[in-house]
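Student: Provide a 3D model corresponding to the input given below.
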Amino acid sequence: MEMNLIQNQIYKNNVLIREAKKDRHVPDDFYSTTNQQTFIFLKNKWVEVKHQRMDALIVINEFGPFCKKLRDIKKGDKIVCRSSGMRTINQNYNSNDAGFSFMNNRVSSEKRNDMLIHNLALQLVNENKKLTIVAGPVVVHTGGDYYLSELIRNNHVASILSGNALAVHDIEKNLFGTSLGVCSKTGIATENGYRNHMRAINQVNGYGSIMDIVKAGKLKSGIMYECVENNVPFVLAGSLRDDGPLPDTITDMIEAQEEYAKLLSDADIVLIMGSMLHGIATGNMLPDNVQMICVDINSAVVDKLSDRGSSQATGIVTDVGLFLNLLVKELKLLKQV
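Tutor: The predicted structure follows:
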């Protein structure tokens, strides 16, 4: 169903609106949003809801309806209640679906990854789209950091959303040549290497921040180095198990969510690699018309993203380092044409 069809529908009942009686509390019959494009029948016409995301409420102000988290509700906010006068559009619905077919799942370890990677590379080169990277430390452990750094240098990355660990192990690798104490060249655990990630945190603390250690010339390569040098914004969200954490890591979860949401607001393509936690959190903040690709060696991780409501996610079941290697190679081939 397209927007103009919604606008032309004959409808008589405006949405039910109630006021919030106190901060962070609304009437029990509030409408809980999905990630699908939503319209409400307001003042006898269909109006699109702005800032669409799942698990939010619809609030109406002088500019119209928009999504707002429960924690942000203020006394007096006008809240849309019940589901009368609501319409949603599934923007992933394919009217050209051929019906029954094999290999039709968005997640399959048997699909040709090279075709998916080629199509992604085409969007980056021909359509000038950029990647919002959501990644875990496995990017570093699998050797994918070299290729992600190249993507940043070549202006294919809009921002990086991650946790403390990605930055820690990236900095460890580029200061001490190890990732979790394992030599990046030989793959063999080094003597006393287990302490290198703590040494990396200590080094950054000594300079003050990731930007400071880069500007001082101490950190000269890696993902975080390229972010600083190429003005690519990043958000590191803290967790219960973080070592350190780094001074750049945001330990206030609400603040971290807000910073994630800011960088996701104009995302072209969201590429999730090796982080179920940050991947699902990101999916919860996006409308269903934003392209998502989830790369993980474990198909269950990719499945879970879809199970949590992000039905638009395409899964690539493979090693993260290999995926990044192939993507960089494909980009080079396309640029030679």
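
Student: Asn325 should be in a strand, yeah?
Tutor: No. Under DSSP: H, G, I helix; E, B strand; the rest coil, Asn325 sits outside any strand and is assigned helix.

Student: Next one: it from Leu166, what distance?
Tutor: Distance of Asn325 to Leu166, given as Cβ to Cβ, to the nearest Å: 18 Å. The way it works is simple: take the backbone N, C-alpha and C, and place the C-beta from them, glycine included.

Student: Show the contacting residues for Asn155.
Tutor: Asn155 makes contacts with 130, 230, as judged by Cβ atoms under 8 Å, 6 or more residues apart in numbering.

Student: try it again with 10 Å
Tutor: Neighbouring residues of Asn155 by Cβ atoms under 10 Å, 6 or more residues apart in numbering: 124, 128, 130, 230, 232.

Student: and what of Leu120?
Tutor: When the contact criterion is Cβ under 10 Å, 6+ apart, the partners of Leu120 are 129, 131, 269, 271, 291, 293, 314, 316, 323, 327, 330-331.

Student: so who does the residue nearest the centre of the chain touch?
Tutor: Note on the chain: the residue nearest the mean C-alpha position is Thr282, at 4.0 Å, using Cα atoms, centre = their mean. When contacts are counted by Cβ under 10 Å, 6+ apart, Thr282 touches 132, 134, 161, 260-261, 263-264, 267, 270, 272, 275, 290, 292, 294, 305, 310.

Student: Distance across stretch 303-317, terminal residue to terminal residue?
Tutor: With Cα to Cα, to the nearest Å as the measure, stretch 303-317 spans 10 Å from end to end.

Student: no no, stretch 250-270
Tutor: This stretch, stretch 250-270, spans 21 Å end to end (Cα to Cα).

Student: now that stretch, how far from the centre of its chain.
Tutor: Offset of stretch 250-270 from its chain centre (Cα atoms, centre = their mean, to the nearest Å): 8 Å.

Student: Would you mark the buried spots in that stretch?
Tutor: Buried residues in stretch 250-270, counted by 16 or more other Cβ atoms under 10 Å: 250, 256-257, 259-261, 263-264, 267, 269-270.

Student: what does the average pLDDT come to for it?
Tutor: Taken as a whole, stretch 250-270 has a mean pLDDT of 96.

Student: Check what pLDDT the closest residue to Arg195 other than its chain neighbours gets.
Tutor: Nearest non-adjacent residue to Arg195, counting by Cβ to Cβ, 6 or more residues apart in numbering: Gly181, 7.5 Å away. Looking at Gly181, its pLDDT is 95.

Student: OK, contacts around Gly181?
Tutor: Contacts of Gly181 (Cβ under 10 Å, 6+ apart): 172, 188-197.

Student: wait, doesn't Arg18 sit right on Lys78?
Tutor: Yes. At 7.6 Å, Arg18 counts as touching Lys78 under the criterion of Cβ atoms under 10 Å.
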